[in-house]
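Quick one, what's the 3D model for this:
(chains A and B)
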Amino acid sequence: MGLGLALLAGLLSGCTGDPGESAKETIRFTFSKREAIGFMTKLVADYNASQDETEVVLDTSGVDVVSASFVRGNPPDIALANYNMETSRFVQRGALSDLSGTEAASRVREDLRPLMEQYGSYPGRTSALPYSVMASSVIYNKEIFAANNIAVPTTWSELIAACEALEAAGVTPFYATWKDDWTIAQGWFDYSVGGQVDTLDFFKKLDAEGVDVGPESSVSFQKDFDQPVRKMLTLAKSYVNKDAASRAYGDGNLAFSQGKAAMYLQGPWAFSEIAKTAPDLKLGTFPLPMTEDPNDLRVRVNVDLAAWIPEASKHKDAARGFLEYLYRPEVIDAYNKSQLGFTPTKETANVPDPRIEGMVEYYENGKVYQGPSVLVPRTIPIMNYTQAIVFGAPPASTLRTLDADWARLAFRQ
Amino acid sequence: MSTITTPTTSKQGPQKQGRQKQGHQPPRSRRRVEPIFYLFLVPSLILFTLAITIPGIMGIFFSFTNSIGIGDWEFIGLTNYIAIFSDPAILQSYLFTFGFSIVTVIAVNVVAFLLAVGLTARIRMKSALRTIFVIPMVVSGIIIAYVFNFLFSNSLPSLGAAAGIPWLESSLLANPDLAWIAIVLVTAWQAVPGALLIYIAGLVAVPGDVYEAAEIDGASKFQQLLKITLPLVAGYVVINIILGFKGFLNAYDIIVGLTNGGPGTSTRSIAMTVISGFNGGDYAYQMANATIFFVVAILISLVQLSLTRGRNAL
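Numbers count the residues shown, from 1 in each chain, chains lettered A, B, ... in the order given. Here you go, the predicted structure:
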């Protein structure tokens, strides 16, 4: 299998490696975010036309091929990729080169460092730079809120009151799409837990506990997640569409665009899908309040794209040249504007889209968290577990299973 | 496959259908073998070694390490195997897969046998009906699964809502206790034609005069089915059960398309847990799981071989 993949990847990259003009130094640039490939193709063409030293070749072959290319010792020269547990493997083993000397690195906001380091770091190196940060929280239908005289809730009891008011008016408060387990993990579970638990601290301690994670350890899923999960169930049991269990993400986007519910727990990627059927629908965002203190409000963020240059690249200087181009204010701003992302540089001219305006103050003030579902290694089927919980599995025993899975993984790795 | 079917059918012939075939073929000379036969074998042997044997051995090798698929690794002995036996998720996937396979095998064979009896009787439009019943076999599993997924999640619930049948309003796929039934249904829908074809072949081979004799002796149609047809096609039942069971143990595509292992983890098959090792950075661990599955499969094959070999084969 591994061998076959490597062979296949070798063939593929062999095809894309055609230099075109031999005088230029060719570098391979990996980028596979489906929604933005059109944008990036144009950006690369602009860059290639703007100078005659480097020829950038866009490689959209995806995550698995990139992993295999590291094994073969032939990784891309530069990449913009989702920053997650998968990339952290390369970081921790020192497979990515140090970018701390670049101008791009000096532009990146300092306070985003913990966000990057949550996935591990390599001593003395800045292995990757954030390029696009996505914030997600509750998407709400402004028209429905206005028609029912409901203000954006900032505490848990205000949220419940809003739900009750909507129910009384015959409006479904939340549209849920539980058929797709990732929508539960990404929205329901992450927002509920992240709104109450300091995920940064929690996972740091959990890592330290390792094989000892369980009822006796200082932190555990069964102890720290119990209350947030119960609150999630309060919302999930009483305030969602009746057919939530058989609805999928696509159904949700359509139904929400038709005004079938007031709130929707999705990320900014859903906006473009909703806009396909309802381009003029007035939408906004607010963090899901889980406590009685408005100061606890935070939004979920993830580093949707990070830039890195592998240590094994033979064209590091040319790749750095392209990196600096990518981080030019007008380039990075244009990209993030097109994808409704936040620009992670110190100075940005981007005016946020009205649909994500509700999250700006939290992002600017660093009131953010990373979702617990992405901080659990993928080998633990946490999405399935969250789905089991909303479908009625006892939360206490499911969280105990999570603890046991974590300890077992620590035992064998 | 061929190693199982060949002995069954060749033993079956002389025993149960004695009047058609008799005796052994003359022993072949073993002194000279045409080199051309080796030439036929070599390409598949090379391909099999490269694509199956070597990766298989690599996988078994890595199951004793802590490799995550890339980078450095070191030997950790039997740690992965020890961890597997205390992993409820993996134990559950074995339980689910075996339970699912047994139920599906029974369902497929009952349905296919009854259909075959009907389709070999003197009815109108026999060939047209046979063609229709075989269609599911030529459609890819993942496509079937997505079509049924839509039916279960959208069509049936809205039908239930329109007709006022409350239990039909919620999707079968969303019920952790019942989702496996949907998987059995769809898998059987796809697997029945294969078994059907084998049964038709078996039924056609039953000589007509035994029925004639039974009729003269006053046996009813139902008695004929039970006392004559069933024993005479018993060999085909065994083939179908073996082939079916082997296939269902590897269940993957239909489950991915229907429930993706959910709701929760209630319908995760062994193959699904193994594959999660590739995209979840848990390579060595799932290789250990695959190795155990491999041993289990070999044990089952041995049992099946011993059942089908020898004089008293079914």
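
C-alpha only now, for contacts and for neighbours.
Fine.

how about the residues of the stretch 51-200 of chain B near chain A?
B:51, B:55, B:66, B:70-71, B:79-80, B:83, B:87, B:153-154, B:170-171, B:173-176 (C-alpha under 8 Å from any C-alpha of the partner chain).

Apply 6 Å and report the result again.
For the stretch 51-200 of chain B, the contact set with chain A under C-alpha under 6 Å from any C-alpha of the partner chain comprises B:Asn66, B:Ile70, B:Ser153, B:Ser171, B:Ala174.

Kindly reformat the residues you listed as CSV containing secondary structure, pLDDT and distance to B:Val210.
Shown next, in CSV, are those (DSSP: H, G, I helix; E, B strand; the rest coil; pLDDT from 0 to 100; distance: C-alpha to C-alpha, whole Å):
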residue, secondary structure, pLDDT, distance to B:Val210
B:Asn66, coil, 84, 64
B:Ile70, coil, 65, 65
B:Ser153, helix, 87, 49
B:Ser171, coil, 84, 49
B:Ala174, helix, 84, 51
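
Which one of these is nearest to B:Phe222?
The closest of these to B:Phe222 turns out to be B:Ser171 (C-alpha to C-alpha; 38.5 Å).

Chain neighbours aside, what residue packs nearest to the closest one?
In this structure, B:Ser171 finds its nearest non-sequential neighbour in B:Ser153, 5.2 Å apart by C-alpha to C-alpha, 6 or more residues apart in numbering or on different chains.

coming back round to it: in a markdown table, list the residues of the stretch 51-200 of chain B next to chain A along with neighbour count and distance to A:Ser218.
Below are those laid out as a markdown table (neighbours: other C-alpha atoms under 10 Å in any protein chain shown; distance: C-alpha to C-alpha, whole Å):
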| residue | neighbour count | distance to A:Ser218 |
| --- | --- | --- |
| B:Asn66 | 21 | 27 |
| B:Ile70 | 17 | 32 |
| B:Ser153 | 23 | 43 |
| B:Ser171 | 27 | 41 |
| B:Ala174 | 25 | 36 |
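
And chain A, what are its domain boundaries?
A:2-134+A:302-357, A:135-300+A:370-412 (automatic domain parsing).

any idea which of the ones you listed scores lowest on pLDDT?
Among the domains of chain A, domain A:2-134+A:302-357 carries the lowest mean pLDDT, a mean of 83.

got the contact list for B:Trp73?
B:Asn66, B:Ser67 (C-alpha atoms under 6 Å, 6 or more residues apart in numbering or on different chains).

who in chain A is up against chain B?
A:Val71, A:Ala245, A:Ser246, A:Arg378, A:Thr379, A:Asn384, A:Tyr385, A:Gln387, A:Ala388, A:Gln413.

Tell me which residue in chain B sits closest to chain A.
B:Gly264 (3.8 Å; C-alpha to the nearest C-alpha).

Could you verify my assumption that that residue touches A:Met383?
No: in this structure, B:Gly264 is not within contact of A:Met383 by C-alpha atoms under 6 Å, at 7.8 Å.

between those two, which one's more packed in?
Set B:Gly264 next to A:Met383 and count neighbours by other C-alpha atoms under 10 Å in any protein chain shown: B:Gly264 wins out with 27 against 23.

if I look at that one, how far off is B:Tyr285?
To B:Tyr285, B:Gly264 is 22 Å away according to C-alpha to C-alpha, to the nearest Å.

quick one, phi psi at residue 176?
Answering for chain A, as no chain was given. phi -110, psi 140 (degrees, to the nearest 10).

Please refer instead to chain B.
phi -60, psi -30.

That one and B:Pro263 touch, don't they?
Yes: using C-alpha under 6 Å, B:Pro176 is in contact with B:Pro263, at 5.2 Å.

Who has more neighbours out of these two?
B:Pro263 (30 against 20).

That one: what's it in contact with?
For B:Pro263, the contacting residues are A:Ala388, B:Pro176, by C-alpha under 6 Å, 6+ apart.

before we move on, what about the one 3 residues further on?
If you count contacts by C-alpha under 6 Å, 6+ apart, B:Ser266 has them with B:Pro176.

That one falls within a helix, correct?
No: read with DSSP: H, G, I helix; E, B strand; the rest coil, B:Ser266 is coil and lies in no helix.

would you list every one of the strands in chain A?
Per DSSP state E, chain A carries strands over the ranges A:25-30, A:54-59, A:78-81, A:129-141, A:172-175, A:261-266, A:283-286, A:299-308, A:368-369.
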